[in-house]
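**Student:** sequence-free structure coming up:
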């Protein structure tokens, strides 16, 4: 019996960040900016992890304009993660809560903005703080849309 494919799959998802990404994608799809907000990790790091997951055949991607959306090649991998969490005494509700985080209005991609508009009945205005250092090195925050 050749168990190499099983071992390769488990190795590919062995990093906690990759598990977080898979849970954040869930049974739908997500863009990198969505994954940034869901995981609290930087875009470059997420892109590296997505590249590894894509080369392992775990996620697939599609481009829509300037955005790339990722989805699970086989959503049953979420069941594997849930079973593993049970084996390690992690509460299943924590796993489910992570995957169902509502980021509407927080993710600036067109898809999330469109979905938020459908929920709220209008466009979503996203604000974030921009730090502007002055000549003396102090920082002043201002709101930007």
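**Tutor:** Everything's here; your move. In this text the structure is predicted, and so the values were computed from the model without any measurement.
**Student:** quick one: residue 23 from residue 82, how far?
**Tutor:** Separation of residue 23 from residue 82 (Cβ to Cβ, to the nearest Å) stands at 10 Å. For every residue, glycine as well, the C-beta is placed using N, CA and C.
**Student:** which neighbours do these two have in common?
**Tutor:** The contact sets of residue 23 and residue 82 overlap at residue 95 (Cβ atoms under 8 Å, 6 or more residues apart in numbering).
**Student:** which one of these two is surrounded by more residues?
**Tutor:** When residue 23 and residue 82 are compared on other Cβ atoms under 10 Å, the one with more neighbours turns out to be residue 23, at 23 against 16.
**Student:** so that one, which state does it fall into?
**Tutor:** For residue 23, the assignment made with DSSP: H, G, I helix; E, B strand; the rest coil gives helix.
**Student:** check contacts around it.
**Tutor:** 78, 81, 95, 98-99.
**Student:** farthest-apart pair in those, please.
**Tutor:** Taking Cβ to Cβ as the measure, the contacts of residue 23 span a maximum distance of 11.0 Å, between 78 and 98.
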